[in-house]
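Enquirer: here you go, sequence then predicted model.
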Amino acid sequence: MAQVAEGMMDPNTLSLELAYLWTQKDLSEMRAVASRGFSRLAEPLGALLTVLDGCKKPAELKLEVLLAFHKWLQNHPQVTLDALPEEQALALRRRALDHVTERTAGIVNKIAGIYQLEHLDGATLRQHAATFSIKMEVQQLLDMEDMCTPLLLQDKVTLAEHYVSGHPDLERRLATLLDSWCDPRFSPDTVVRRYPDVVQNQFHIDQLKPKILSKHVFRLVGKFNIDPNLCRHSAIIADDPEMHKYLDAILTDYCRSNCAAKFSQQFRDAPDERKSPLQDAPQGADWDRSDRFYQLPIPRSQVHFLGAVEDLQRAREVLCKEGGTVGLDMEWCAGFGCVVPERVSLIQLAVADRVFILDMCAADLWQHPCTLEVVRSLLGNPKVLKLGKEAREGKLGHGMKRLTAKRSSEKGLSQLVQRVLGRPLDKKEQLSYWQRRPLHPNQLRYAASDAFCLLEVHAVLSREPARYGLTAQQLDVVAF
């Protein structure tokens, strides 16, 4: 214990005296002792925090001490943080923040005023804001990304993890946020510019490298039992044996061995070696059947996954056949509210007896000028009828039929299919990870169904337009 100069008072002793008088319910004497004691403290602002440490309960006692100190300050205006060296003042402000997590508003207001907490740096304030939110249990009322991003930028991942713990929706959103930062297109400057008061040195920037972020993602997936398919960009592990070992260790810590093996395999699934042109879907039994949902009427062997320009050129003759009809749809990699923009992952083109799926994640395909030329020639060909649902931002192209249906329990295309064909689409794969390769058979079926069902819907409406309140002419202009 530090030596106390003669005539001065030990703040721990003052704390004990005040606590005793509080138990005796002698408030007037307690306030008098507090006022005399404050005048005998060598460093009143620092000693006050020590006194408060000794008066933890009840909160009313702490508030009485703060009220007495505030009144004492009015007669001692020379006692101020401005009179202290900058480093000492900063240290006291940070100590004072430990008392701001009290639920009593009066305590928070008094401490904030005495120690001028508004002068603290943003990084420190944000950390304590998160701590206070956890104590008050108000995480669901706040914006998770706005609260956790500054913590992540300060390498306070553990605090961010504690912030979302126990809230499954927030747990998933934190994992997908970190995973979105593993996207090769992500630039740390995107978030650093949003929080200029948080990042204080290059070390914090270095913690945003994909290899480091992926480790955090793997740990969160295992700890919170999150679907690995939601964390699409952490597939960097597929090319890194060191990350393989780390993933296995992390998942084993948090999961049963069989679950750990399952998650590990999902993360490390690498793309298959390139197959022959017009690469077929995986072999095996045909699609699983369900009486609840629309059934794709063509076998797997007629769903072709195109990953190279040569594949697309071979399919071009079928797609652009004069007098033909093509159902067109796209799958997007969902953004889940993260900062990385969405992009097209697949383009599905259905004809009478097969579906072609263009892999827009394959650099050989989506970056090649021939791909754009083929798609433009298809969409601009007036001798080929194109069927498509409402495109994002209206940029699917020209000449596509737009169909409609009345409201039901289903939405969008699924609603239309249910009304016309009797069963809705199975939408379970809608938000799955469309950039991982190889695609799961259920993803292939979902993608193919979205395009092929347009052909069947149009065929029924064309045969019986009056049954659905349409004229033949209206088929060309009605939208869903």
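Expert: Yes, it's here. Treat the numbers as computed from the prediction; the structure is a model and nothing was measured.

Enquirer: show me what contacts Leu312?
Expert: Residues in contact with Leu312, defined by Cβ atoms under 8 Å, 6 or more residues apart in numbering, are Leu306, Phe356, Leu358, Leu365, Cys370, Thr371, Val374. In this view, the C-beta of every residue, glycine as well, is placed from N, C-alpha and C.

Enquirer: assign a three-state SS to the second one, would you?
Expert: The reference is to Phe356. Under DSSP: H, G, I helix; E, B strand; the rest coil, Phe356 falls in the strand class.

Enquirer: picking that back up, show me the contacts of Leu312 that map onto strands.
Expert: Among the contacts of Leu312, the residues falling in strands (DSSP state E) are Leu306, Phe356, Leu358.

Enquirer: what's around the first one, how many residues?
Expert: Going back to what we said before, that points to Leu306. 25 (other Cβ atoms under 10 Å).

Enquirer: show me what it is bridged to.
Expert: Leu358 (DSSP bridges).

Enquirer: hmm, it is touching Arg316, no?
Expert: No - if you go by Cβ atoms under 8 Å, Leu306 and Arg316 don't touch, sitting 10.4 Å apart.

Enquirer: and stretch 427-437, which residues are buried?
Expert: Glu429, Ser432, Tyr433, Trp434, Gln435, Arg436, Arg437 (16 or more other Cβ atoms under 10 Å).

Enquirer: repeat that for stretch 317-333.
Expert: Val318, Leu319, Gly324, Thr325, Val326, Gly327, Leu328, Asp329, Met330, Glu331, Cys333.

Enquirer: next one: stretch 147-165
Expert: Result for stretch 147-165 [16+ other Cβ under 10 Å]: buried residues 147-154, 156-157, 159-161, 163-164.

Enquirer: on that earlier part again, distance to Arg463 and secondary structure for the buried residues of stretch 317-333 - can I get that in a markdown table?
Expert: Output for the buried residues of stretch 317-333, formatted as a markdown table (distance: Cβ to Cβ, whole Å; DSSP: H, G, I helix; E, B strand; the rest coil):
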| residue | distance to Arg463 | secondary structure |
| --- | --- | --- |
| Val318 | 24 | helix |
| Leu319 | 24 | helix |
| Gly324 | 18 | coil |
| Thr325 | 14 | strand |
| Val326 | 19 | strand |
| Gly327 | 17 | strand |
| Leu328 | 21 | strand |
| Asp329 | 22 | strand |
| Met330 | 28 | strand |
| Glu331 | 29 | strand |
| Cys333 | 37 | coil |
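
Enquirer: kindly reformat those as a markdown table containing pLDDT and distance to Val33.
Expert: Formatted as a markdown table, the buried residues of stretch 317-333 follow (pLDDT from 0 to 100; distance: Cβ to Cβ, whole Å):
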| residue | pLDDT | distance to Val33 |
| --- | --- | --- |
| Val318 | 93 | 94 |
| Leu319 | 93 | 90 |
| Gly324 | 92 | 95 |
| Thr325 | 94 | 92 |
| Val326 | 95 | 88 |
| Gly327 | 94 | 85 |
| Leu328 | 93 | 83 |
| Asp329 | 93 | 78 |
| Met330 | 91 | 75 |
| Glu331 | 90 | 73 |
| Cys333 | 68 | 67 |
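
Enquirer: farthest pair in the residues you listed?
Expert: In terms of Cβ to Cβ, the buried residues of stretch 317-333 reach their longest pairwise distance at Gly324 and Cys333, which sit 29.6 Å apart.

Enquirer: any regions of the stretch 51-200 of the chain where pLDDT drops low?
Expert: Scanning the stretch 51-200 of the chain with the threshold set as pLDDT under 70 gives 56, 101-105, 199-200.

Enquirer: what do you get if the cut-off is 80, keeping everything else the same?
Expert: Within the stretch 51-200 of the chain, the segments meeting pLDDT under 80 span 56-57, 97-105, 118-124, 128, 197-200.
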